[in-house]
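K.L.:
the amino acid sequence is not available; the structure is as follows:
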């Protein structure tokens with residue numbers, strides 16, 4: 001029997017020091033995280049149902065009805081088309097305008113478009129929206145302009 005007591009001589013089964021980095025655990029962890037993210041991302045996407053009008057153009061020769069616009073300006077000024085109104089008279093003036101445009105459909109079932117200036121305060125805009133919804137006007141569409 002032989003024993004190595006000291007010295008530097010390398011034996012037959014001596015591995016010495018390993019200075020290489022072992023990246024196998026790192027790669028394993030990264031692959032597990034990749035699989036977790038690939039499985040969880042499709043479940044995180046949420047679809048929103050939109051009630052969009054059909055994209056069918058009107059037949060040639062038919063007159064397209066102009067939409068009813070509510071314009072909200074800075075300072076709280078509200079207009080129905082070109083006619084000024086106030087928040088208190090908004091629903092009455094809007095019902096009159098919608099009845100004049102289409103007497104066959106009730107005013108609360110017609111679509112109304114809202115357009116606001118960039119400088120309008122959020123509270124002023126929401127007070128117009130809340131007034132409309134509080135009086136039964138639920139078909140409200142928002143208009144924005146691309147910059």
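P.N.:
Nice, I can see it. Since the model is a prediction, treat every value here as computed from it, not as a measurement.
K.L.:
phi and psi next, for residue 79.
P.N.:
Note on residue 79: backbone dihedrals following degrees, to the nearest 10 are phi -130, psi 140.
K.L.:
what sits against it?
P.N.:
Applying C-beta atoms under 8 Å, 6 or more residues apart in numbering to residue 79 gives the contacts 70, 71, 73, 85. Where you see a C-beta, it was placed from the backbone N, CA and C, and this is true even at glycine.
K.L.:
so how far is the worst-scoring helix or strand of the chain on mean pLDDT from its chain's centroid?
P.N.:
The least trusted helix or strand in the chain, going by mean pLDDT, DSSP states H and E, turns out to be helix 24-44, with a mean of 86. Taking C-alpha atoms, centre = their mean, to the nearest Å, one finds the center of helix 24-44 at 28 Å from the center of the full chain.
K.L.:
could you name the helices and strands sitting against that helix?
P.N.:
Helices and strands touching helix 24-44, as assessed by 3 or more C-beta pairs under 8 Å, 6 or more residues apart in numbering; DSSP states H and E, are absent.
K.L.:
just checking, next helix/strand downstream of it?
P.N.:
Using DSSP states H and E, the helix or strand that follows helix 24-44 in sequence is strand 68-72.
K.L.:
quick check: mean pLDDT across that next one?
P.N.:
For strand 68-72, the mean per-residue pLDDT is 91.
K.L.:
name the residues of that strand that are buried.
P.N.:
If you call a residue buried by 16 or more other C-beta atoms under 10 Å, then strand 68-72 has these buried ones: 68, 70, 71, 72.
K.L.:
how near is the closest residue to the third one other than its chain neighbours to residue 118?
P.N.:
Distance criterion C-beta to C-beta, 6 or more residues apart in numbering; nearest residue to residue 71, sequence neighbours excluded, is residue 79 at 4.2 Å. Distance, residue 79 to residue 118, by C-beta to C-beta, to the nearest Å: 16 Å.
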